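Visitor: build me a model:
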Amino acid sequence: MPVNPLNRREFVKKSAVTGAAVAVAGTAAATPAQAASDKKPQKAPKTWSFSILGTTDLHSHVFDWDYYKDAAYTDSKGNKTGVARVATLIKQQRAAKGEDHVLLVDAGDIIQGTSLAYYYARVDSITGTSGPKHPMAVAMNALKYDAAALGNHEFNYGIDLLRKFEKQCHFPLLGANALDAKTLKPAFQPFTVKCIRVPGAPDIKVGILGLTNPGIALWDKDNVAGKMAFTGLVEQAKKYVPRMRALGCDVVFLTDHSGLDGSSSYGTELPYVENASNLVAEQVPGIDAILVGHTHTEVSSYTVTNTETGKDVVLSEPYCWGMRLTVFDFELELVHGQWKVTSTKAQTLNSNTVEEDAEITALLKADHDLVVKYVNTAVGTCTEDLSAAEACWKDTAAMDFIHQVQMESVKSGLSTADAALPLISVAACFSRTADIPKGDVTIRDVAGLYIYDNTLYGKKLTGAQLKDYLEYAAKYYHQVPSGTAVDTATVTNANSFWDYMYDMAAGVSYEIDIAQAEGSRIKNLTYNGTAVADDQVFVVAVNNYRANGGSGYPHIAAADIAYSSTNEVRQLMIDYFTAKVTLNPADFAVSNWKLTQDGTPVF
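Guide: I've put the predicted structure just below:
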């Protein structure tokens, strides 16, 4: 919603004539015009304006390119992606307003998310002795970023790689709530102060505080446990905002890798809110504006009133992958030698209105071309087309491939005792557009089916716990009464349960009766044709995100570990394909589940 300028009161001195003019010997009474001319003219207050530009969730999208499709990015809304394109918007803003009137900030999730990110983390890692510069560091340095918040995906490849990236950046990575686990002191710089030069007046001091997502403690537990701790955004903002004001900051700006609706995807697994930017604005006095990230949505301008001061705080979240640029415009007035913010406004600009910047393109083209060559490397052939288009409501061979790889990988590392237990797998469809073609298959075809950098676990669940797990997954579907047609366009994603959150199981057979209420949908759960007993123990192949509590599934986070690996599932799939040479889906028909309405199959 639009942000109104702060109300200013005008105090006007007025005088009234209450009697006749008094004549003084030898002097005539002054006329009103003469009296006015004797007063000194009022000076106009000193004012200044500047802007903070914001990006978020770039996820190593350097160009308008889809590495999984080996083609320019496309979507139904005509969006364009990439740092090279948003760079043009940034330079336009600097040209229009002046370099010294513009700061540039990011809200996190920079070094994970594309094949390019994976390449420079695992194939030709920046951590090597003669490792290359990360393309995102190159691009962001060239664009002269002033600061960036840490995103949760910054930790996906481990702290060592993150530290190497940090060293390559010419700007600070901020994380006031990312603490050293032993000392509980900040592990990264909490904030930075930038000065806006104003001729003939004091500098405007802009404090930029960075906050990251407490969910890192769950999602990247394997990388951060015992090394870093992550506290709440509100708690740390209450600590640092007063410090920044005490240091003389005229403007306090936050960059939060945290959404603005107060929700959490991990339930009660953590005592801190995942999407807390609105709570920070509401509960922490002294904040002028917040750049929001993490949720991959576009919120051009959103105003929250601070409950203590009554002051409006402006928040904005630009769309992800460089599709949008947020522009915060600040107006200030010098009052008794101190700058006061009189107006804050925010808007988002669309990257599809401009072309890619020539300078950034030249800097990144060689890296991009190298990764394009890598992802087009052949890994084998497939006897059938494996499409994920219907995987969210049907048992498909594409998902069977993931399950097969997970189960074989876990099986190879089990103890003798655990190997005697029944082994099953759970996994989600990460991309409905993924398609491993019939015939020749490349790395990008396989990688497109598994886009996240998850590693693999084997965890133990009882039959009763497994049923609870599947009931939780089944809330993904809207309830559709028996006899009512099921529309695949609307039946999924109930309860804001997104595709990446919905797990399907393989190795057991079951039905999901969508005519029933949530919590009573799993029917005929069997293993090898026999009903699953409540006390029966299974080894469940599951990715680390889910195993550590991601998406709030019951039982799994606390379950005993039978297997764990640092190998990404995606790479295991590529290696499996390469070893097989020819993939035949008939060899791994491992799952058997279906949607029903009162026992009648839907599809």
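Visitor: quick check, residue 452 in a helix?
Guide: No - read with DSSP: H, G, I helix; E, B strand; the rest coil, residue 452 is coil and lies in no helix.
Visitor: quick one, what contacts it?
Guide: 430, 500, 543, 545, 570 (Cβ atoms under 8 Å, 6 or more residues apart in numbering). Using the backbone N, CA and C atoms, a C-beta is placed for each residue, glycine as well.
Visitor: switch to 10 Å and redo it
Guide: Taking Cβ atoms under 10 Å, 6 or more residues apart in numbering as the criterion, residue 452 is in contact with 112-113, 153, 156, 428, 430-431, 500, 543-545, 568-570.
Visitor: also residue 464?
Guide: So residue 464 contacts 532, 533, 534, 535, 536, 555 (Cβ under 10 Å, 6+ apart).
Visitor: who wins for neighbours among those?
Guide: Highest neighbour count within the contacts of residue 464: residue 532, with 23 neighbours (other Cβ atoms under 10 Å).
Visitor: quick check: that residue touching residue 468?
Guide: No - in this structure, residue 532 is not within contact of residue 468 by Cβ atoms under 10 Å, at 11.9 Å.
Visitor: and for those two, which residues touch both?
Guide: Common neighbours of residue 532 and residue 468 (Cβ under 10 Å, 6+ apart) are 462, 522.
Visitor: what are the ranges of the helices in the stretch 451-600 of the chain?
Guide: 463-474, 544-547, 569-580 (DSSP state H, counting those that start in this stretch).
Visitor: closest to residue 304 out of those?
Guide: Evaluated with Cβ to Cβ, the helices of the stretch 451-600 of the chain place helix 544-547 nearest to residue 304, the distance being 30.2 Å.
Visitor: helices of the stretch 51-200 of the chain, start to end?
Guide: 83-97, 115-118, 135-142, 159-168.
Visitor: got a list of contacts for the shortest one?
Guide: The contact list for helix 115-118, computed with Cβ under 10 Å, 6+ apart, reads 58-63, 65-68, 110-112, 123, 134-136, 153, 156-157, 364, 367-368, 370-372, 374-375, 443-444, 447-448, 451, 453, 568, 570-571.
Visitor: model confidence over stretch 545-556, on average?
Guide: Stretch 545-556 shows a mean pLDDT of 96 in the predicted model.
Visitor: now do that stretch: distance to the chain's middle.
Guide: 19 Å (Cα atoms, centre = their mean, to the nearest Å).
Visitor: measure that stretch end to end?
Guide: End-to-end distance for stretch 545-556, by Cα to Cα, to the nearest Å: 11 Å.
Visitor: same thing with stretch 294-303?
Guide: First residue to last in stretch 294-303 (Cα to Cα) measures 18 Å.
Visitor: equivalent analysis for stretch 298-309, please.
Guide: Note: stretch 298-309 ends 27 Å apart using Cα to Cα.
Visitor: what's the answer for stretch 71-81, then?
Guide: Length of stretch 71-81, first residue to last, Cα to Cα: 12 Å.
Visitor: same thing with stretch 375-393?
Guide: By Cα to Cα, one end of stretch 375-393 lies 29 Å from the other end.
Visitor: gap between that stretch and the chain center?
Guide: 27 Å.
Visitor: with stretch 431-450 instead?
Guide: With Cα atoms, centre = their mean, you get 24 Å for stretch 431-450.
Visitor: list the buried residues of that stretch.
Guide: For stretch 431-450, burial by neighbour count (16 or more other Cβ atoms under 10 Å) applies to 431, 434-436, 441-450.
Visitor: I'd assumed residue 372 was in a helix, is it?
Guide: Yes - counting by three-state DSSP, residue 372 falls inside a helix.
Visitor: residues contacting it?
Guide: Taking Cβ under 10 Å, 6+ apart, one finds 63, 65, 67, 70, 115, 116, 444 in contact with residue 372.
Visitor: check residue 121 too.
Guide: 60, 111-112, 127, 134, 156-158, 161, 164-165, 453, 568.
Visitor: can you lay out the residues you listed as a markdown table showing pLDDT?
Guide: Converted to a markdown table, these look like this (pLDDT from 0 to 100):
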| residue | pLDDT |
| --- | --- |
| 60 | 98 |
| 111 | 98 |
| 112 | 98 |
| 127 | 95 |
| 134 | 98 |
| 156 | 97 |
| 157 | 97 |
| 158 | 97 |
| 161 | 98 |
| 164 | 98 |
| 165 | 98 |
| 453 | 95 |
| 568 | 96 |
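Visitor: check contacts around residue 175.
Guide: 108, 148-151, 154, 186-190, 209-213, 216, 228, 230, 236, 257.
Visitor: now residue 385
Guide: Per Cβ under 10 Å, 6+ apart, neighbours of residue 385: 397, 398, 435, 436, 437, 438, 439, 585.
Visitor: mind listing what the nearest residue to residue 585 once chain neighbours are set aside touches?
Guide: Leaving aside its chain neighbours, residue 585 sits nearest to residue 397 (3.9 Å; criterion: Cβ to Cβ, 6 or more residues apart in numbering). Residue 397 sits next to 382, 384-388, 391, 404, 436, 583-586, 588-591 when contact means Cβ under 10 Å, 6+ apart.
Visitor: what pLDDT is listed against residue 397?
Guide: 96.
Visitor: distance to residue 85 and secondary structure for the buried residues of stretch 431-450 - can I get that in a markdown table?
Guide: Shown next, in a markdown table, are these (distance: Cβ to Cβ, whole Å; DSSP: H, G, I helix; E, B strand; the rest coil):
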| residue | distance to residue 85 | secondary structure |
| --- | --- | --- |
| 431 | 23 | coil |
| 434 | 25 | coil |
| 435 | 26 | strand |
| 436 | 30 | strand |
| 441 | 31 | strand |
| 442 | 26 | strand |
| 443 | 26 | helix |
| 444 | 22 | helix |
| 445 | 26 | helix |
| 446 | 28 | helix |
| 447 | 23 | helix |
| 448 | 22 | coil |
| 449 | 27 | coil |
| 450 | 27 | coil |
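Visitor: and of the residues you listed, the nearest to residue 559?
Guide: residue 450 (22.6 Å).
Visitor: look up the closest residue to the closest one, ignoring the ones flanking it.
Guide: Residue 450 sits nearest to residue 570 (Cβ to Cβ, 6+ apart), 4.3 Å away.
Visitor: list the contacts for the one you found?
Guide: 115, 118, 122, 402, 405, 430, 443, 446-455.
Visitor: repeat that for residue 173.
Guide: 106, 108, 110, 147-151, 154, 162-163, 165-166, 188-189, 210, 212.
Visitor: spit out the contact partners of the residue nearest to it when sequence neighbours are not counted.
Guide: For residue 173, ignoring the flanking residues on the chain, the nearest one in space by Cβ to Cβ, 6+ apart is residue 166 at 5.1 Å. Applying Cβ under 10 Å, 6+ apart to residue 166 gives the contacts 137, 148, 150, 154, 159, 172, 173, 188, 189.
Visitor: and those residues, which are buried?
Guide: Buried among the contacts of residue 166 (16+ other Cβ under 10 Å): 137, 148, 150, 154, 159, 172, 173, 188.
Visitor: tell me where the stretch 101-250 of the chain has strands.
Guide: 102-106, 147-149, 173-174, 178-180, 191-196, 204-211, 228-230 (DSSP state E, counting those that start in this stretch).
Visitor: those strands: which one's closest to residue 412?
Guide: Nearest of these (Cβ to Cβ): strand 228-230, 31.2 Å.
Visitor: so which elements touch the closest one?
Guide: strand 178-180, helix 216-219 (3 or more Cβ pairs under 10 Å, 6 or more residues apart in numbering; DSSP states H and E).
Visitor: thanks a lot, see you next time.
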